[in-house]
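> structure for the following, please:
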Amino acid sequence: MEGKLTNLLKGAQLGRGQAEVYTNVHIDYAAIAVAGLGPEGEGMDTLEGLDVCKENIRVASAVAASKLQNSGVNTILVEGFTNSEAAAEGAALAVWQYQEFKNKEEQQANTKLELFESPEGDGFKRGLIKAECQNLARTLEEAPANRLTPYMFAERAVAALCSCGVQVNVRDKHWLEEKKMNAFLTMAKGSCQPPLLLELGYCAAAPEEKPVLIIGKGLTFDSGGLFTKKCEGMMKHRADMAAAAVAVGVFKCAAMLNLPVNIKALLPLAENLPGGLAVKPGDVVMGLNGKSIRIDHTDAEGRVIMADPLVFAASYKPCLIITLGTMTDVDKALGSGGAALFTDSEVVWREMHRAGAETGDRVWRFPLWKNYRKKVTGMDIYILFQCEKNYVLLLF
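Okay, here's the model as predicted:
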């Protein structure tokens with residue numbers, strides 16, 4: 001087989017992220033994909049903030065698996081490329097398909113991935129688990145808004161997590177009212193779908209060990225409220241619950257990998273619509289911490305619905321709080337190259353940056369200068385006020 005492939009590859013120039021499929025090379029294989037890995041010896045690139053070797057393996061495996069899938073191959077044997085975890089993750093992410101609402105006769109068979117002649121079976125399994133949990137988040141993000149209301153999101157989270165040993169509590173509107181989470185409730189008033197707070201818990205470390213707590217924005221649809229978004233592209237805002245979906249994926253992954261950590265999450269789930277009871281510009285609401293908030297822009301709702309859960313999070317006495325959200329205009333600074341990170345902790349920045357370099361999901365630190373505080377506390381009448389849309393502030 002190697003001789004045939006060598007002849008076929010003569011003159012071929014497969015660069016990084018490129019792949020070709022060859023047939024009739026070996027009697028046991030309907031097709032073989034060959035992918036370019038880039039130059040040898042690449043490792044951590046400090047300027048790029050990326051482990052280039054791992055990323056090249058993920059990309060090569062993904063491109064090759066995708067080409068084989070498009071060629072009609074249902075079972076793919078994946079080369080380990082010296083890092084079977086990265087290879088498995090890349091391939092599994094690439095062959096994922098969203099087919100929930102296709103007719104059965106139009107659905108394609110799921111592609112099966114197996115490790116090809118490598119002793120790195122444990123790493124391959126880890127990579128498949130990581131990809132499976134990312135694909136769970138992608139599935140939630142792709143769902144139409146009428147098929148993923150706050151209640152339906154909670155149902156799917158229960159189904160995905162309870163079987164893994166993750167504790168899931170669904171807190172309804174009455175519970176939110178009892179806890180006086182008025183900021184969250186106010187931003188959800190425009191929709192007839194009642195808001196929910198999803199409370200997740202995974203405890204695999206010592207009980208006395210303080211948990212890491214995640215707060216994930218969970219707007220299952222965001223029209224902008226009374227500041228209605230443009231029709232063009234509004235459909236994409238069914239995925240304004242991507243942060244909550246990612247949190248669900250994180251918990252499933254932690255449980256499946258048996259990570260020895262304690263994690264908690266608070267996921268506010270709601271819709272932001274311009275109904276008759278919708279919040280109006282200039283409205284003032286009292287937050288859980290007793291501070292009043294003036295709403296200036298109804299399409300900058302994310303920071304408001306997460307304010308009450310952020311205050312409530314203190315009751316868990318966490319060692320770290322991570323807030324996740326799809327925030328307006330951050331993409332103008334970084335595009336698709338990475339996620340924005342706001343923190344005043346050097347330790348958190350270093351660890352997040354290192355994790356991003358290892359996984360390929362890079363982050364870049366944005367400033368939290370003192371003069372930003374004036375933009376949210378600079379009113380005499382109100383203790384806090386929500387910034388205009390063009391100021392993107394996440395305060396920890």
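
> going by C-alpha atoms from here, please, whenever you check contacts or count neighbours.
OK.

> residues touching V212, list them.
By CA atoms under 8 Å, 6 or more residues apart in numbering, V212 lies in contact with 262-264, 318-322.

> nearest to L226 among those?
Closest approach between those and L226, by CA to CA: I322, at 29.3 Å.

> touching, E301 and A188? I think so.
No: contact criterion CA atoms under 8 Å: E301 and A188 do not qualify, at 9.3 Å.

> intersection of neighbour lists for those two?
Counting by CA under 8 Å, 6+ apart, the residues touching both E301 and A188 are N272.

> sorry, back to before: top of the contacts of V212 by neighbour count?
K264 (24 neighbours; other CA atoms under 10 Å).

> just the pLDDT for L5.
At L5, the pLDDT value in this model is 70.

> with T82 instead?
90.

> can you check K102 too?
We have a pLDDT of 89 for K102.

> and it, which of the three is it?
coil (DSSP: H, G, I helix; E, B strand; the rest coil).

> and the average pLDDT for the lengthiest strand in the chain is what?
Ordering each strand of the chain by length in residues (DSSP state E) puts strand 262-272 first. Average pLDDT, strand 262-272: 98.

> please apply the same query to stretch 146-163.
If you average the pLDDT over stretch 146-163, you get 97.

> starting at the chain centroid, how far to it?
Centroid separation for stretch 146-163 versus its chain: 16 Å, with CA atoms, centre = their mean, to the nearest Å.

> and the helices in the stretch 51-200 of the chain, which stretches?
52-70, 84-95, 121-142, 150-161, 173-178, 182-187 (DSSP state H, counting those that start in this stretch).

> so which of those is the most packed in?
Among the helices of the stretch 51-200 of the chain, ranked by average contacts under mean count of other CA atoms under 10 Å, first place goes to helix 84-95 (a mean of 26).

> just checking, what packs against it?
helix 52-70, strand 75-79, strand 112-116, helix 121-142 (3 or more CA pairs under 8 Å, 6 or more residues apart in numbering; DSSP states H and E).

> around L341, count how many other residues there are.
Neighbour count of L341, defined by other CA under 10 Å: 20.

> what does E100 give?
Residues lying near E100 (other CA under 10 Å) number 11.

> next one: the one 10 residues further on
In terms of burial, N110 registers 12 neighbours under the definition other CA under 10 Å.

> what sits against the closest residue to it other than its chain neighbours?
Spatially, and ignoring its direct neighbours in sequence, N110 is nearest to N74 (7.0 Å; CA to CA, 6 or more residues apart in numbering). When contacts are counted by CA under 8 Å, 6+ apart, N74 touches 109-112.

> just to revisit the earlier point, out of the helices and strands packed on helix 84-95, which comes closest to H26?
Closest to H26 of the helices and strands packed on helix 84-95, according to CA to CA: strand 75-79, at 13.7 Å.

> now tell me what touches that closest one from outside.
When contacts are defined by CA under 8 Å, 6+ apart, strand 75-79 is touched by residues 61, 65, 68, 87-88, 91, 111-118.

> closest to L8 among the residues you listed?
Minimum distance to L8 across those is 17.2 Å, recorded for L68 (CA to CA).

> tell me the contacts of that closest one?
21, 31-33, 76.

> let's see that with 7 Å instead.
By CA atoms under 7 Å, 6 or more residues apart in numbering, the residues touching L68 are 21, 33.

> now tabulate the helices of the stretch 51-200 of the chain in JSON lines and tack on distance to A357.
JSON lines is the format used below for these (distance: least, CA to CA, whole Å):
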{"stretch": "helix 52-70", "distance to A357": "9"}
{"stretch": "helix 84-95", "distance to A357": "13"}
{"stretch": "helix 121-142", "distance to A357": "16"}
{"stretch": "helix 150-161", "distance to A357": "28"}
{"stretch": "helix 173-178", "distance to A357": "38"}
{"stretch": "helix 182-187", "distance to A357": "34"}
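
> figure out which of those helices is closest to I295.
The nearest among the helices of the stretch 51-200 of the chain, by CA to CA, is helix 182-187 at 9.3 Å.

> how about that closest one as CSV, C-alpha atoms only?
The C-alpha trace of helix 182-187 is given here as CSV (Å, rounded to 0.1, in the frame of the first residue of the first chain):
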residue,chain,number,x,y,z
ASN,A,182,-35.9,41.3,39.5
ALA,A,183,-33.3,42.3,37.0
PHE,A,184,-33.5,38.9,35.3
LEU,A,185,-37.3,38.8,35.5
THR,A,186,-37.6,42.3,34.0
MET,A,187,-35.6,41.5,30.9
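
> residue ranges with poor pLDDT in this structure?
Scanning the chain for pLDDT under 70 picks out 1-3, 11, 376, 378-396.

> can you tell me which residue is spatially central in it?
The residue lying closest to the centre of the chain (CA atoms, centre = their mean) is V246, at 3.4 Å.

> mind listing what it touches?
A137.

> same thing with P194?
P194 neighbours (CA under 7 Å, 6+ apart): 173, 270.
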